[in-house]
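Colleague: take this sequence and fold it.
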Amino acid sequence: MDVGAELLAGLLPHRVHRITETSQTGSLRREVAELTRALGVSDETAGRAALVATECGTNLVKHTDQGGEVLFRQISLDGLAGIEFLCIDRGPGMAQPARMLEDGVSTAGSPGTGLGAIRRLSEEFALYSAPGVGTAVLSRIYNRQSFERMRPPAFEWGGVGLSKPGEDVCGDGWGMIFAKDRILVLVADGLGHGPGASAAAHEAVRAFLERTDLGPEALVHKLHARLRPTRGAALAIAEIRPQARVLTYVGVGNIFGRILRPAEKTLNLVSMNGTLGYGLVKVQSFQYPWEGNPTLVMNSDGLLSNWDLGAYPGLEGRHPALVAAMAYRDNNRGTDDLTIVGLRPAKR
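Modeller: Down below sits the predicted model:
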């Protein structure tokens, strides 16, 4: 174990709430209230989460013809529980999204407090919008005083996780390890769907987080042994060493990885055939440069493999959660569990 390493695990999928008319905002607010009660957060934190839910739903009705979606879930930051919102639409988009954060500025004849209010209510906030493309908003709510005492993160992270339609659990999982001189990222996809797939993915994440001292290839071998009692999983591990400016990637099965850089060609990362816990054909690592404002994106095969950021001007330089949100909006297969995870150096 790497003493002092910070761990993140993504085992809970987003809940999806479709908003096309005003009454659905109330339903969203009630679902968020149920989540905040289950988390046991303070009344102040729960109140802010309810207001963000209301503002997201209201904006979708006011500013789009077809509405949109609000994805929300429980998250944890170094042991601090919180609520994450992703508000996504196919509306007209905004030519000057930063200006829309100012109170009194609106494109719909409303008071113009929606986006600005969401930003003020959030501990973490990010926005992407472009004319003709649509808009994605990230909001994360934590206990404000506890969050302010935490040290600023060196990396921004985010993603989208969804169960296969009709399933109660997600067969995918992910984890991150933030150690002194490196970051490790895992995405696992249990074979099939439902509880068996979920059990395999969860076991992969647990085994991954237990061995923060190992490199990617050694971790894959350890996970292969741990997954033998399960139905098996496809997975990939990325190790980032910022000072060395190098990313090492080991993939087995249908997990897709890429490195995005502003105004540069996307680097697609190589995975080998096989299934951990069942048929491990070959473990081979590949190294890639980690420089030039990079963003790592990894996803399971619930996302179409040929998705392209070319249709989203400027998105490759935005928060990874927004990249994942737009990729999900336009490239979700809708017939499988889905996980998208992104990571990039934090902007100072």
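Colleague: for the protein, which segments count as helices?
Modeller: For the chain, applying DSSP state H gives helices covering 23-39, 43-63, 114-121, 144-148, 194-210, 216-226, 320-331.
Colleague: deepest-packed of those helices, please.
Modeller: Of the helices of the chain, the one with the most neighbours on average (mean count of other Cβ atoms under 10 Å) is helix 320-331, at a mean of 23. Every C-beta, even on glycine, is put in place using the N, C-alpha and C of the backbone.
Colleague: tell me what it is packed against?
Modeller: When contacts are defined as 3 or more Cβ pairs under 8 Å, 6 or more residues apart in numbering; DSSP states H and E, helix 320-331 sits against strand 80-89, strand 124-130, strand 134-141, strand 155-162, strand 295-299, strand 338-345.
Colleague: ok now it, how far from the chain's centre?
Modeller: Put simply, helix 320-331 sits 9 Å off its chain's centre (Cα atoms, centre = their mean, to the nearest Å).
Colleague: quick one: it to strand 155-162, angle?
Modeller: Here the directions of helix 320-331 and strand 155-162 differ by 30 degrees (axes from the mean of the first three to the mean of the last three Cα atoms, to 10 degrees).
Colleague: extract the CA atoms of helix 320-331 and return them as CSV.
Modeller: C-alpha atoms of helix 320-331 as CSV (Å, rounded to 0.1, in the frame of the first residue of the first chain):
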residue,chain,number,x,y,z
PRO,A,320,-13.6,15.8,-18.1
ALA,A,321,-17.2,15.5,-16.8
LEU,A,322,-18.4,17.7,-19.6
VAL,A,323,-16.5,15.7,-22.2
ALA,A,324,-18.1,12.5,-20.8
ALA,A,325,-21.6,14.2,-20.8
MET,A,326,-21.5,15.1,-24.4
ALA,A,327,-20.0,11.8,-25.5
TYR,A,328,-22.9,10.1,-23.6
ARG,A,329,-25.5,12.3,-25.1
ASP,A,330,-24.7,11.5,-28.7
ASN,A,331,-23.0,8.1,-28.6
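Colleague: that one to strand 80-89, inter-axis angle?
Modeller: Helix 320-331 runs at 40 degrees relative to strand 80-89, counting by the same axes, to 10 degrees.
Colleague: and helix 320-331, what's its mean pLDDT?
Modeller: For helix 320-331, mean pLDDT is 97.
Colleague: now swap in stretch 64-81 and tell me
Modeller: Stretch 64-81 carries an average pLDDT of 90.
Colleague: how distant is that stretch from the center of its chain?
Modeller: Counting by Cα atoms, centre = their mean, stretch 64-81 comes out at 10 Å from the chain centroid.
Colleague: start to end distance for it?
Modeller: Stretch 64-81 has an end-to-end distance of 32 Å (Cα to Cα, to the nearest Å).
Colleague: tell me the buried residues in that stretch?
Modeller: Across stretch 64-81, burial judged by 16 or more other Cβ atoms under 10 Å covers 64, 67-75, 77, 81.
Colleague: out of these, which is nearest to residue 247?
Modeller: Within the buried residues of stretch 64-81, the smallest distance to residue 247 is 23.3 Å, found for residue 77 (Cβ to Cβ).
Colleague: now the residue nearest to that closest one when sequence neighbours are not counted: how far from residue 121?
Modeller: Spatial nearest neighbour of residue 77, excluding adjacent residues (Cβ to Cβ, 6 or more residues apart in numbering): residue 142 at 6.6 Å. Note on residue 142: its distance to residue 121, by Cβ to Cβ, to the nearest Å, is 11 Å.
Colleague: ok, residue 67 next?
Modeller: Counting by Cβ to Cβ - residue 67 and residue 121 are separated by 22 Å.
Colleague: out of the helices and strands packed on helix 320-331, which is closest to residue 148?
Modeller: strand 80-89 (11.1 Å).
Colleague: mind giving me the packing neighbours of the closest one?
Modeller: Judged by 3+ Cβ pairs under 8 Å, 6+ apart, strand 80-89 is in contact with helix 23-39, helix 43-63, strand 68-77, strand 134-141, helix 320-331.
Colleague: direction included, what does it pair against?
Modeller: Taking DSSP bridges as the criterion, strand 80-89 sits next to strand 68-77 (antiparallel), strand 134-141 (antiparallel) in its sheet.
Colleague: hmm, residue 29 is touching residue 49, no?
Modeller: No: judged on Cβ atoms under 8 Å, residue 29 makes no contact with residue 49 at a distance of 9.1 Å.
Colleague: run through the bridge partners of the most centrally placed residue in the chain.
Modeller: By Cα atoms, centre = their mean, the chain has its centre lying nearest to residue 159, at 0.9 Å. Residue 159 forms beta bridges with residue 341, as assigned by DSSP bridges.
Colleague: which residues does it contact?
Modeller: 10, 174, 320-321, 324, 339-342 (Cβ atoms under 8 Å, 6 or more residues apart in numbering).
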